[in-house]
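Enquirer: This is the structure alone, sequence omitted:
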């Protein structure tokens, strides 16, 4: 919790566009990491394409991970809430695992599985999910009711609920991905949305520690005491928070450096000649407009997974129409400072020359 106000301060130091880009990057990282833990093949490109499809006015159908992306993007909205019923749990499972579970591993009960399931490590069974389905129902009802118990701190509730879900193992496949999403959703009730999206990558880096926490909690000699599990999980969550704080701080400092560099360039006598533009050529490009365009593209370089910005966004950055901005962007393109990435929609990004001009360095 001590990291929360510090993270909040760094977050509020970012522009709205940088925040949106950063959230998209976090969703990609989170889904990639949670899939990797379960050995589900996915690429950043696939997840990025799913984000574009979800964000499009006319979403494309049949993109992998679209429903999973939709769920994680919604964590950032005020409407996001933890499941209230068993049907809600099943609906979340269906969305998280859409198209990624084999037919033979699909739930075969009323909501969950009817048969037994076990988790193996090598040739050793390390956990067996509860049976029958009525016992799964009872365990998840307990999980949901505990989640509404205001006498328990919310962070503790979230971690305890995560244990109950994973211990119950209500599905044949997809329990890990669903459980970590539910944990992120529960953390959303007490942490900022961007903070609850920082978990799976940290879990992936602490996978042995994560699974050991479950094994130790289930040891008969532990007598059902979840205290060691809670401590271990809260330390992992705190590590995720610390990583997020450092990353946000570093990226915000880079944006401040872009602004400082552009201030120096604009004040120089040779500007805009220094960016390869002849001041006598038409159409004229005002120094302030060049700075606004390069500042927007510089932010995208650090925050947008594709590092590309649409024509409309760049036009808005200089407060003019797309018709006005387009030929001026073309002049910067001809000068080798920016380049066209796609034509429909028209999107631009910095070239290596532009990156060097702004002294962004490699990343």
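Expert: Yep, it's here. Note that the structure is a prediction, hence the values are computed from the model and not measured.
Enquirer: What about residue 330, how many residues nearby?
Expert: With neighbours defined by other C-beta atoms under 10 Å, the count for residue 330 comes to 14. In short, each C-beta sits where N, CA and C put it, glycine included.
Enquirer: and what of residue 220?
Expert: 6.
Enquirer: which ones are touching residue 33?
Expert: Residue 33 sits next to 200-201, 203-204 when contact means C-beta atoms under 8 Å, 6 or more residues apart in numbering.
Enquirer: Residue 348 contacts residue 307, doesn't it?
Expert: No - contact criterion C-beta atoms under 8 Å: residue 348 and residue 307 do not qualify, at 9.8 Å.
Enquirer: who's more crowded, the two?
Expert: The neighbour comparison of residue 348 against residue 307 (other C-beta under 10 Å) goes to residue 348, with 27 against 20.
Enquirer: Next one: residue 270 relative to residue 353, how far apart?
Expert: Separation of residue 270 from residue 353 (C-beta to C-beta, to the nearest Å) stands at 16 Å.
Enquirer: what domains does the record give for the chain?
Expert: When the chain is parsed with automatic domain parsing, its domains come out as 3-247, 268-357.
Enquirer: how about the helices in the stretch 51-200 of the chain?
Expert: Shown for the stretch 51-200 of the chain, the helices assigned by DSSP state H, counting those that start in this stretch span residues 66-74, 86-96, 133-147, 154-168, 175-187, 193-196, 199-205.
Enquirer: circling back: quick check: neighbours shared by residue 348 and residue 307?
Expert: Listed as contacting both residue 348 and residue 307 by C-beta under 8 Å, 6+ apart are residue 297.
Enquirer: Contacts only, for residue 325.
Expert: Applying C-beta under 8 Å, 6+ apart, we find residue 325 in contact with 311, 314-315, 318.
Enquirer: before we move on, back to that, looking at the helices of the stretch 51-200 of the chain, which has the lowest confidence?
Expert: Among the helices of the stretch 51-200 of the chain, helix 193-196 carries the lowest mean pLDDT, a mean of 83.
Enquirer: For it, enumerate the helices and strands it packs against.
Expert: helix 3-12, helix 16-37, helix 175-187, helix 227-267 (3 or more C-beta pairs under 8 Å, 6 or more residues apart in numbering; DSSP states H and E).
Enquirer: winner for burial among these?
Expert: Using mean count of other C-beta atoms under 10 Å, the stretch among the helices and strands packed on helix 193-196 with the largest mean neighbour count is helix 175-187, at a mean of 23.
Enquirer: Next, the angle helix 133-147 makes with that helix.
Expert: Orientation of helix 175-187 against helix 133-147 (axes from the mean of the first three to the mean of the last three C-alpha atoms, to 10 degrees) gives an angle of 20 degrees.
Enquirer: What are the contacting residues of helix 175-187?
Expert: 30, 34-35, 37-38, 40, 68, 71-72, 75, 80-83, 89, 92-93, 96-97, 129, 147, 154-155, 157-159, 161-162, 165-166, 169, 171, 195-197, 199-200, 203, 237.
Enquirer: Please, a ChimeraX command that selects the buried ones among those?
Expert: A single ChimeraX command suffices to select whichever of these are buried according to 16 or more other C-beta atoms under 10 Å:
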select :30,34,35,37,40,68,71,72,75,80,82,83,89,92,93,96,97,129,147,155,157,158,159,161,162,165,166,169,171,195,196,197,199,200,203,237
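Enquirer: Throw the domains of the chain into CSV and include distance to residue 257, thanks.
Expert: Formatted as CSV, the domains of the chain follow (distance: least, C-beta to C-beta, whole Å):
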stretch, distance to residue 257
domain 3-247, 13
domain 268-357, 9
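Enquirer: For residue 255, find the nearest of those.
Expert: domain 268-357 (5.9 Å; C-beta to C-beta).
Enquirer: end to end, how far does the closest one reach?
Expert: For domain 268-357, the first-to-last residue distance is 13 Å (C-alpha to C-alpha, to the nearest Å).
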